[in-house]
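Student: Turn this into a model:
(one chain, ligands or ions: 1)
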Amino acid sequence: MSMMRTRCDQTAAWGQLQKAFQGDAGRFDLQTGFATDPQRFERFSQDAPHVFADLSKNLITHDVEVLLLTLARQCGVEVYRDAMFQGEKINNTEQRSVQHFLLRNPLDPLLNKAPSAIKNIANDMAMVHATRDAMLAYAEQVRADDRITDVVNIGIGGSDLGPQMAVLALDQFVMPGKRFHFVSNVDGDELAQVLAQIEPRSTLFLIASKTFTTPETMTNATSAKHWFEAQGGVDVARHFCALTTEVEKARAFGITTTFGFWDWVGGRYSLWSSIGLSIALAIGAQGFHDLLSGAHEMDAHFRLAPLERNLPVRLGMLDVWYRNFHGFSSRCVAPYSHALRRLPAYLQQLEMESNGKRVDQAGQLLPFGTSPVVWGEPGTNGQHAFFQLLHQGTDVIPLEFIAVKAAAHKMPGHQEKLLVNALAQAQALMNGRTDPGGHRDFPGNRPSTFLLLDQLDPASLGALIALYEHRVFVSGAIWGIDSFDQWGVELGKVLAKDLEPRLASGDLLGIDGSTAGLLNRIRT
Ligand code: F6P
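Tutor: Coordinates of the predicted model:
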């Protein structure tokens, strides 16, 4: 696999981009760009499935984009993408294929006639569809059961953020009469607050964990089960359901109602699998199918569109341009949509757990930066908080607006105000305002991207999420890293395991002074 990939700094295009940046491209001025190119908006905006994107307020020229796409080709992004879609083990540090896209593939009878490399995919597809059919049938059965009023998803990371973000985003499609709760933190406050609102006989607990070993989830699951039994709850099979690749471990825990998935689905890519049961319960089987089909449309776009009009590729290459040439180390995401309020948190895991790496696939230390810090809050709230820094701070932070044309509500005047605020902020960032030497001076030339959905529904949400997944794939491919492992989370887990008995016993032997001091302080 590594044969197909060339790390960005080993390509000719990398040097050409450096040269371009040191020349005019590094001093590009957005207002001049629009003044000298009446086609700039058309050139740098495009439709992709369910998403319209305006990239024209970014610090790029046509020539730079041509070079960036040359870089993508020289790094083998297309070959690497096709390898993923053919089920090759591109997650090489874990020796796994990366096939979350299969979870949203419609059944294709032609696959069975395909060459042997694809045959494995055909087998996987059959498993995917059988499991999904069973899960969706179960979801419909629970939806029809009026006695279940509360669904509590217990999971963390990818087993929480994706489902929670999607259920909130699709609130207008959520069936009345059922409440959805998400518990992730091992801080007992979170579980306690949910337990205080529910009754054992009317609750369904979903224990969502790919590995079924994550300490936070297992602690919360154990406490939930104890609470259920202590409150006189009976019939664990009806009130607890496990979503995991480790069905046997779930059984050993005492849960017999289970829906599985496979090791080729990364945690942060798992909302399309049985981990998404809470979404299916909320929006129904048809809604879940629509979510998958929107994502599948984006998969097809990523696979087939020429790089020049391939939105995940253009966005991923822009990320590389900003990170490695401009040196911007952070990107802000501002959904102008209350429904999308958990999207920034979801994207933090997707992007930073995938591309927050400092060695390439061969384990060599990288001489350039990788994932930016991704952060954000919904607009317009952010405008009255941190946008000050975006407009007048010392750092340039590219901002990503995500707006939805049609409102889900009928409150007069709100949607118009929301949308013009997004437009005005993007304008202000770009155009600035001159007040030489004064506090009211806005430097302008601050880049932003504008993503626009016609409406927020299961299909457009699916497409939007898949767009981000593939964008992360593209920049990770350029940087030559494994975007599908997460070794960086291991060490803290091991150390916490070591500290837990020490907290009980007071044994401080062999630990550093600060940790020993704090542990002592906590104990006394
Ligand atoms: O510790 C990080 C991580 O492994 C994430 O990658 C994952 O989404 C999360 O923990 C939860 O893991 P699991 O679904 O196995 O409980």
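Student: Where does the stretch 351-500 of the chain get nearest to the ligand, residue-wise?
Tutor: The ligand sits closest to residue 489 of the stretch 351-500 of the chain, with a gap of 3.7 Å, by CB to the nearest ligand atom. Using the backbone N, CA and C atoms, a C-beta is placed for each residue, glycine as well.
Student: Could I get the contacting residues of that residue?
Tutor: Residue 489 makes contact with residue 353, according to CB atoms under 8 Å, 6 or more residues apart in numbering.
Student: tell me the secondary structure for it?
Tutor: Using DSSP: H, G, I helix; E, B strand; the rest coil, the structure places residue 489 in helix.
Student: List the buried residues in the worst-scoring helix or strand of the chain on mean pLDDT.
Tutor: Sorting the helices and strands of the chain by mean pLDDT, DSSP states H and E puts helix 116-144 at the bottom, at a mean of 89. The neighbour-count check on helix 116-144 (16 or more other CB atoms under 10 Å) flags 118, 121-122, 124-125, 128, 131-132, 135-136, 138-139, 142-143 as buried.
Student: Dump these into CSV; add distance to residue 223 as well.
Tutor: What follows is the buried residues of helix 116-144, written out as CSV (distance: CB to CB, whole Å):
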residue, distance to residue 223
118, 45
121, 40
122, 42
124, 35
125, 38
128, 33
131, 28
132, 30
135, 25
136, 29
138, 24
139, 25
142, 23
143, 27
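Student: Go back to the residues you listed and keep what's next to the ligand.
Tutor: Among the buried residues of helix 116-144, no residue sits close to the ligand (CB under 6 Å from any ligand atom).
Student: Of those residues, just say which sits nearest to residue 326.
Tutor: Of all those, residue 121 has the smallest distance to residue 326: 39.3 Å, by CB to CB.
Student: which non-adjacent residue is nearest that closest one?
Tutor: residue 87 (4.9 Å; CB to CB, 6 or more residues apart in numbering).
Student: didn't that neighbour look like it was pressed against residue 97?
Tutor: Yes. Taking CB atoms under 8 Å as the definition, residue 87 is a contact partner of residue 97 at 4.9 Å.
Student: Return every residue with contacts to both of these two.
Tutor: Counting by CB under 8 Å, 6+ apart, the shared contacts of residue 87 and residue 97 are residue 264.
Student: circling back to that earlier point, could you give me the average pLDDT of the helix or strand that comes right after the least confident helix or strand of the chain?
Tutor: Downstream of helix 116-144, the first helix or strand assigned by DSSP states H and E is strand 150-154. For strand 150-154, mean pLDDT is 99.
Student: quick check: angle from strand 150-154 to helix 116-144?
Tutor: 140 degrees (axes from the mean of the first three to the mean of the last three CA atoms, to 10 degrees).
Student: For the closest residue to the ligand within the stretch 201-350 of the chain, which non-adjacent residue is closest in space?
Tutor: Nearest to the ligand in the stretch 201-350 of the chain, going by CB to the nearest ligand atom, is residue 267, at a distance of 2.6 Å. Closest residue to residue 267 apart from its sequence neighbours, by CB to CB, 6+ apart: residue 158 at 3.3 Å.
Student: Quick check: residue 131 vs the ligand, distance?
Tutor: The spacing between residue 131 and the ligand, counted by CB to the nearest ligand atom, to the nearest Å, is 17 Å.
Student: show me what contacts that residue?
Tutor: 259, 260, 261, 274.
Student: my read is the first one is in a strand, agree?
Tutor: Yes. Secondary structure assignment (three-state DSSP) places residue 259 inside a strand.
Student: Count the neighbours of the residue nearest to residue 373 when sequence neighbours are not counted for me.
Tutor: Among residues not flanking residue 373 along the chain, residue 330 sits closest, at 4.2 Å (CB to CB, 6+ apart). Neighbour count of residue 330, defined by other CB atoms under 10 Å: 15.
Student: now the strands: where do they sit in this structure?
Tutor: Counting by DSSP state E, the segments of the chain that form strands are 45-48, 51-54, 150-154, 179-183, 203-208, 240-244, 258-260, 330-336, 373-375, 399-404, 448-453.
Student: can you redo the ones you listed as TSV with distance to residue 482?
Tutor: Formatted as TSV, the strands of the chain follow (distance: least, CB to CB, whole Å):
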stretch	distance to residue 482
strand 45-48	26
strand 51-54	27
strand 150-154	29
strand 179-183	29
strand 203-208	24
strand 240-244	23
strand 258-260	25
strand 330-336	21
strand 373-375	19
strand 399-404	25
strand 448-453	26
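Student: right, and those strands - which one's nearest residue 517?
Tutor: strand 373-375 (29.8 Å).
Student: Can you pull the residues of this structure lying near the ligand?
Tutor: By the rule CB under 6 Å from any ligand atom, the part of the chain lying against the ligand is 156-159, 209-211, 214, 217, 267-268, 353, 486, 489.
Student: Swap in 5 Å and give it another go.
Tutor: 157, 158, 159, 209, 210, 211, 214, 217, 267, 486, 489 (CB under 5 Å from any ligand atom).
Student: which ones are touching the third one?
Tutor: What that stands for is residue 159. Here residue 159 is in contact with 208, 209, 210, 214, 217, 243, 267, 270, 275 (CB under 8 Å, 6+ apart).
Student: residues in contact with residue 166?
Tutor: If a contact means CB under 8 Å, 6+ apart, then residue 166 has 271, 276, 279, 291, 461, 465 as its contacts.
Student: just residue 501 next, same as before
Tutor: Residue 501 sits next to residue 507 when contact means CB under 8 Å, 6+ apart.
Student: Can you check the pLDDT for it?
Tutor: On pLDDT, residue 501 comes in at 97.
Student: Next one: it relative to residue 315, how far apart?
Tutor: Distance, residue 501 to residue 315, using CB to CB, to the nearest Å: 47 Å.
Student: now do residue 474
Tutor: Remark: distance between residue 474 and residue 315 (CB to CB) = 8 Å.
Student: who has more neighbours, these two?
Tutor: Remark: of residue 474 and residue 315, residue 474 carries more neighbours, 27 against 23, as counted by other CB under 10 Å.
Student: My guess is the more buried one contacts residue 307. True?
Tutor: No. Using CB under 8 Å as the test, residue 474 is too far from residue 307 to be in contact (9.6 Å).
Student: intersection of neighbour lists for those two?
Tutor: Overlap of the contact sets of residue 474 and residue 307 (by CB under 8 Å, 6+ apart) consists of 72, 77, 313.
Student: Can you tell me which of those residues is closest to residue 509?
Tutor: Set against residue 509, the nearest of the shared contacts of residue 474 and residue 307 by CB to CB is residue 77 (50.9 Å).
Student: just the helices in the stretch 401-524 of the chain please.
Tutor: Per DSSP state H, counting those that start in this stretch, the stretch 401-524 of the chain carries helices over the ranges 414-431, 458-479, 490-505, 513-523.
Student: any idea which of those is most buried?
Tutor: helix 458-479 (a mean of 26; mean count of other CB atoms under 10 Å).
Student: Packing partners of that one?
Tutor: Contacts defined by 3 or more CB pairs under 8 Å, 6 or more residues apart in numbering; DSSP states H and E place helix 458-479 against strand 51-54, helix 62-75, helix 77-85, helix 161-169, helix 277-304, helix 311-320, helix 354-355, strand 448-453.
Student: would you list these in TSV and tack on mean pLDDT?
Tutor: Rendered in TSV, the data for these read as follows (pLDDT from 0 to 100):
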stretch	mean pLDDT
strand 51-54	98
helix 62-75	98
helix 77-85	97
helix 161-169	98
helix 277-304	98
helix 311-320	98
helix 354-355	98
strand 448-453	98
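Student: Check the stretch 1-150 of the chain for the residue nearest the ligand and tell me.
Tutor: For the stretch 1-150 of the chain, CB to the nearest ligand atom, closest residue to the ligand: residue 94, 11.4 Å.
Student: Give the full set of residues in contact with that residue.
Tutor: 482, 484, 485.
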